[in-house]
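Colleague: what follows is a predicted structure for the sequence shown.
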Protein chains: 2
Amino acid sequence: MESPLRFDWEKLQNFCEMLFVRTGVSPEIAKIVSESLVQADLRGIESHGVVRTLIYHQRVEAQMINHTKEVEVIQEDDATLLIDGNNNFGAYIGIQALNRVIDKARKRGVAIAGVRGSNHFGTGAFYALKAIEQDMILLVLSNASQTMPPSGGIRPFIGTNPLAIGVPAGTQLPFLLDMATSVVARGKIIVAAQKGQDIPPGWALDKYGNPTTDANLALEGAVLPVGGPKGYAISMFIDILSGVLTGAGFGKYVNNMYENWEEPQNVGHFFLAIDINKFMPIESFKNRMDTYISELKGEPTAPGVEEIMIPGEIEFKGALDRKETGIELPINVVTDLFKLGQRYDLDLYTALLNSKEVNLHVSE
Amino acid sequence: MESPLRFDWEKLQNFCEMLFVRTGVSPEIAKIVSESLVQADLRGIESHGVVRTLIYHQRVEAQMINHTKEVEVIQEDDATLLIDGNNNFGAYIGIQALNRVIDKARKRGVAIAGVRGSNHFGTGAFYALKAIEQDMILLVLSNASQTMPPSGGIRPFIGTNPLAIGVPAGTQLPFLLDMATSVVARGKIIVAAQKGQDIPPGWALDKYGNPTTDANLALEGAVLPVGGPKGYAISMFIDILSGVLTGAGFGKYVNNMYENWEEPQNVGHFFLAIDINKFMPIESFKNRMDTYISELKGEPTAPGVEEIMIPGEIEFKGALDRKETGIELPINVVTDLFKLGQRYDLDLYTALLNSKEVNLHVSE
């Protein structure tokens, strides 16, 4: 086994940013998209990390993402926003929606933003974390292209539509949930396929509706919803708020980023922001969160469990760790990114943390 | 096997209503509470049906519910409400919160209400259905007393905190999700215990943290969250919005309706209402919902599955059916209700549908 390749997160982010800029993307948009990708890697969500630089770049080249058209507010009222992303980068559209919904929530106590005409927007945690920094509670939903059958069905109809929730705390870590409504994120199956690994039983069906542990067959088939009918129902609700309500695609009308090269994705998102101060002073709320979390973490643990974790805790700690020890990328991702960098006169290896230890054979 | 006892839903509701009124509860409150219970039975959610008349009545008698104190708005802003239920009946408090949040949402497009000082409020579907009738999207959350361990824990810490969502459609049935964040609702384990039946593996742990299929041991132990860490996280979020944010109980500070006879429950709820018209004309939305639902229901089905169902569909059809054929109640529930009725000079059997066919031995 050779040493894994580890990258300095800031340099890696800079590499991605420059790469988008040299493709013609504005520095502002390039920065947001790259931050979203690298933050996912830092938090250990490698399926949503810099691996996606490649597909985003391909979709820009194929004119499936239009990074020159500004995000537009279509309809606006006291506490509601309807936004058309005009097919710009998902993360850029997401940040525009987030900033606006937080502004409104600060005035009215609560606000919602529906978004249409968007693309894959990275992790929901990216937005939830920014809301937490501003002492806001955020719920963010997105639909996605078809990957899961409804309960009783065999064919993908709904996406693994994710939801993310951020809630600030005081001295404790904040509550940060970011989950797909599938048993696992489809990205994890993509990663398994890239690594040539099997997936556990119960994750997916093949394209004929049979259970499978083959990651490649699973990608052709359907991922299963978490908790059966409950996951199916929550995913459907996310599709309703993100897609049906906003005028975005829903069900089969959300296009697959990897497979459809004829049309924009037309992904929809939904943001809900709550100003805690309308209920109690923020400090009282944070004290109550701290009590809640410390009591929960003080519970007796099952055999073999060292510590009870709250949602997001593993990722927070992982991010701190990776800021020191670097982001480890699979060799095929490194190869692809390196080659893409070469096209734009950018050297991925300047972002390596352990360049002296490793044989840079991937560049050959 | 003797014929089961079937009750006319309107007469049964009237029986419960009169029973509460003769206990001293105001007709308005008695009507709401009884409607909530009978609607649950109609929809096949017997765990939340008239079986709960007994515990509600006991808590009124023990002065653990204070039906004479009015619901109070503690804090109010453009689109937010903080409500203290003052320990009245949960369903009455819930309806007060629902009416106010819908009024506000109609003005602002979106509104939220946090509720503290409440009791068990019946099914979330009760509120979601009323919102659907008014063309509103509703999300309603409630916390509950401790029944589930966090992931990695063994002891109950969070409740099976339910969420319900209602979304109107056009010619299709509306979307109506009402779920506990446990693998199953604790009420189903209560029903199994009452019927002397075993529960399936995977539903619960006994009080030592071992898996069990014994319903009685499960009631002493812990119900498991749906989807492991995902259900745990969603349940925790519901506790945060319903309890931490509102000033209600959370975690161990929500008291058990069956076990704690010293203090009020201090349950918390959270309501979010969305006015669809701020996004698109309601008729366009309903058309889109109809497209979505009909395409989903048109999907090929797995072997042995007759029809793909949307959330709430089974219950809608069941309710229509039970309005004709009656509500069937287990014999022990009938016996208890009959005896309670006798105390207030009310005859449960006047509500029977098939009184001529059955031997009314339960009254002996």
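Modeller: Done, it's in. What you see is a predicted model; the values in this text were computed from it and never measured.

Colleague: ok, residues contacting stretch A:317-324?
Modeller: With contact meaning Cβ atoms under 8 Å, 6 or more residues apart in numbering or on different chains, stretch A:317-324 is reached by A:9, A:39, A:41-44. No exception for glycine: its C-beta is placed from N, CA and C like everyone else's.

Colleague: oops, could you answer that again for stretch A:52-61 instead?
Modeller: Against stretch A:52-61 from outside (Cβ under 8 Å, 6+ apart): A:16, A:19-20, A:23-25, A:33-34, A:37, A:65, A:67, A:89, A:119-120, A:122, A:257-258, A:336-337, A:340.

Colleague: do stretch A:10-24 as well
Modeller: Stretch A:10-24 is touched from outside by A:27, A:29-31, A:33-35, A:37-38, A:41, A:50, A:53, A:56-57, A:60-61, A:67, A:327, A:337, A:340-341, A:344-346, A:348, A:350-351, with contacts defined as Cβ under 8 Å, 6+ apart.

Colleague: hmm, try it at 7 Å
Modeller: Residues outside stretch A:10-24 that contact it (Cβ atoms under 7 Å, 6 or more residues apart in numbering or on different chains) are A:27, A:30-31, A:33-35, A:37-38, A:50, A:53, A:57, A:60, A:327, A:340-341, A:344, A:346, A:348, A:350-351.

Colleague: tell me the gap between that stretch and the middle of its chain.
Modeller: With Cα atoms, centre = their mean, to the nearest Å as the basis, stretch A:10-24 stands 19 Å off its chain's centre.

Colleague: next one: stretch A:134-150
Modeller: On the basis of Cα atoms, centre = their mean, stretch A:134-150 sits 9 Å off its chain's mean C-alpha point.

Colleague: now swap in stretch A:216-225 and tell me
Modeller: Taking Cα atoms, centre = their mean, the mean C-alpha location of stretch A:216-225 is offset from the chain mean by 19 Å.

Colleague: can you list the buried residues in the helix or strand of chain A with the lowest mean pLDDT?
Modeller: Least confident helix or strand of chain A, by mean pLDDT, DSSP states H and E, is helix A:186-195 with a mean of 86. Neighbour-count burial for helix A:186-195 flags A:186-194 (criterion: 16 or more other Cβ atoms under 10 Å in any protein chain shown).

Colleague: who does that helix touch, helix- and strand-wise?
Modeller: With contacts defined as 3 or more Cβ pairs under 7 Å, 6 or more residues apart in numbering or on different chains; DSSP states H and E, helix A:186-195 has these neighbours: helix A:215-220.

Colleague: ok so, going back, which ones among the contacts of stretch A:10-24 lie within strands?
Modeller: Of the contacts of stretch A:10-24, the ones assigned to strands by DSSP state E are A:Ile327.

Colleague: any quick ChimeraX command for the buried ones out of the contacts of stretch A:10-24?
Modeller: Buried subset of the contacts of stretch A:10-24, written as a ChimeraX selection, criterion 16+ other Cβ under 10 Å:
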select /A:30,31,33,34,35,37,38,50,53,57,60,327,340,341,346,348,351
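
Colleague: show me what contacts A:Pro162?
Modeller: When contacts are counted by Cβ under 7 Å, 6+ apart, A:Pro162 touches A:124, A:142, A:178-181.
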